[in-house]
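> What follows is a predicted protein model with its sequence.
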There are 2 protein chains.
Amino acid sequence: MSTSRRKKHAYHHGDLQAALVLTAGKMLEKEGVEALKLREVARQAGVSHNAPYRHFTRREALLAALAAEGFEWLGAAQRKAAEAGGLRGMGEAYVSFALAHPQRFRLMFGGQIRIARHVRLREVAMRTFEGLSGALAARAPEAHGARDASVAAWSLVHGLALLLMGERIAPAALGGRKRDAFVRDVLSSIRFVVGPAQPAA
Amino acid sequence: MSTSRRKKHAYHHGDLQAALVLTAGKMLEKEGVEALKLREVARQAGVSHNAPYRHFTRREALLAALAAEGFEWLGAAQRKAAEAGGLRGMGEAYVSFALAHPQRFRLMFGGQIRIARHVRLREVAMRTFEGLSGALAARAPEAHGARDASVAAWSLVHGLALLLMGERIAPAALGGRKRDAFVRDVLSSIRFVVGPAQPAA
DNA sequence: GCCTTGATGTTGACATTGTCTACTTATCAT
DNA sequence: ATGATAAGTAGACAATGTCAACATCAAGGC
């Protein structure tokens, strides 16, 4: 119900909301959250410094929109990967997403947004998580440690993504492999315990 | 070589640098990085708004000091846990640390500090990481997947810590367990593969 | 006992930013 | 046509990070 009128008198931009999210998204990916100034977004969108407030109550609301968009992308990527690559593929897709959109990923999980206050964000995030844990739980329906193992799996990919993003993993650990190969090997280096766990060293 | 003169004339505070790190640390833990205003720190330390610039070239430098302090704490906790609890104990200690100092942990890994530019931070962080991966690698010295497994282990605890911090893990997953017990179970739900990995589902 | 000197603090200024209030203009339903 | 309302603009304000210029104290050489 929008995206119709364009470039008339420049008053009433047409679909400013979307335009703001778009340019803000670009700025986010390029410079990070800290450098995402509301006024600069307005400037680049060609509107006055206050126009964004007609669409977002505050800066945080714009950030929330960006994060929500990110969760949608991530969810879509997960669904696609689930078909093709199974569980392992989902894991690789998760890491891939994070490395492809590092700043966005940081925004989604960085904790600067109070999720509770942004309905849409909360919903889309929950939906994505459910898709994730659903796929994980479906693998070992009722074994005792299944739920724990699914949390572990998620933790693993999440942590790996963040450590790679932060360049915290010594280049030596790569051992000459390309990043995708490295990720696959790391994810392959563990096995899940489904039955009652026996203590291990 | 300080902490000597105190409350003389209030000019020349005595050891402002340490005082700033201290009050900034409290503010950090309480309100998060975003809310850590340089001027407010100065105010609470009882000095003028510009005094901090005699000790930190910019805001980021103060943040770096806080992060470095955090890495020292984490390193110490790791060493202590290594003696008592072995590898599993180190993992639990890692998560514990993150949950005990969430904002500090976020600062340490949040990516808002350009580590390369802060010598002390870089060094202490590297030292901590080396202690970590050293302990991990010592476990399976030269097996093919050992290095990968150690990365996986670190990723696992790191991710678990962050997901717990962000309240991203559904309360249902806890299943009534206390948090420490939950962490232990999750960490126990995987097993590392040391030999050549065979493909798994 | 002074006086220079460097480190440490202070004052004042400036550009930027997020956000508030009031005003203006375009759009759409009647 | 018209009038309500959504969308944009203009201007103001307090805060903040940071810069430059000035002030004060501690110490050491004379």
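Now that the structure is in, tell me what you want to look at.
> Please make it C-alpha for all contacts and neighbour counts, starting now.
Noted.
> what helix or strand is the residue in chain A that chain B sits nearest to on?
Closest contact between chain A and chain B, by Cα to the nearest Cα, is at residue A:159 (3.7 Å). Residue A:159 is located in helix A:146-165, with elements delineated by DSSP states H and E.
> distance between that helix and the chain's centre?
14 Å (Cα atoms, centre = their mean, to the nearest Å).
> So which other helices or strands are in contact with it?
When contacts are defined as 3 or more Cα pairs under 8 Å, 6 or more residues apart in numbering or on different chains; DSSP states H and E, helix A:146-165 packs onto helix A:59-100, helix A:119-137, helix B:146-165, helix B:179-188.
> How about the residues of chain A by DNA strand D?
Applying Cα under 7 Å from any atom of the strand, we find that chain A lies next to DNA strand D at A:10-17, A:46-52, A:54-55.
> Deepest-packed of the helices and strands packed on helix A:146-165, please.
Ranked by mean neighbour count, those are led by helix B:146-165 with a mean of 24 (mean count of other Cα atoms under 10 Å in any protein chain shown).
> Show me what whichever helix or strand comes after it is in contact with.
Once the chain leaves helix B:146-165, the next helix or strand it forms, by DSSP H and E, is helix B:171-174. Contact with helix B:171-174 is made by A:147-148, B:182, as judged by Cα atoms under 8 Å, 6 or more residues apart in numbering or on different chains.
> quick check, nearest of these to DNA strand D?
Proximity of the contacts of helix B:171-174 to DNA strand D was ranked by Cα to the nearest atom of the strand; the top entry is residue B:182 with 38.1 Å.
> Now for the closest one: which residues touch it?
Neighbour list for residue B:182: residue B:174 [criterion: Cα under 8 Å, 6+ apart].
> Repeat that for the one 5 residues further on.
By Cα under 8 Å, 6+ apart, residue B:187 lies in contact with A:152, B:88, B:91, B:156-157.
> again, only this time at 6 Å
Applying Cα atoms under 6 Å, 6 or more residues apart in numbering or on different chains to residue B:187 gives no contacts.
> measure it to residue A:148 for me?
Counting by Cα to Cα, to the nearest Å, the gap from residue B:187 to residue A:148 is 8 Å.
> which bits of chain A sit near chain B?
A:148-149, A:152, A:155-156, A:158-160, A:186, A:189-193 (Cα under 6 Å from any Cα of the partner chain).
> Using a markdown table, please lay out those together with pLDDT and distance to residue A:177.
As requested, the residues of chain A next to chain B are arranged in a markdown table below (pLDDT from 0 to 100; distance: Cα to Cα, whole Å):
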| residue | pLDDT | distance to residue A:177 |
| --- | --- | --- |
| A:148 | 89 | 31 |
| A:149 | 89 | 28 |
| A:152 | 94 | 25 |
| A:155 | 96 | 23 |
| A:156 | 97 | 20 |
| A:158 | 97 | 21 |
| A:159 | 98 | 20 |
| A:160 | 98 | 16 |
| A:186 | 95 | 11 |
| A:189 | 91 | 15 |
| A:190 | 89 | 19 |
| A:191 | 88 | 22 |
| A:192 | 84 | 25 |
| A:193 | 80 | 28 |
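> ok, of these, which one's closest to DNA strand D?
Looking across the residues of chain A next to chain B and measuring by Cα to the nearest atom of the strand, the closest to DNA strand D is residue A:159, at 29.6 Å.
> Surely that closest one is in contact with residue B:153?
No: counting by Cα atoms under 6 Å, residue A:159 stays clear of residue B:153, with 9.5 Å between them.
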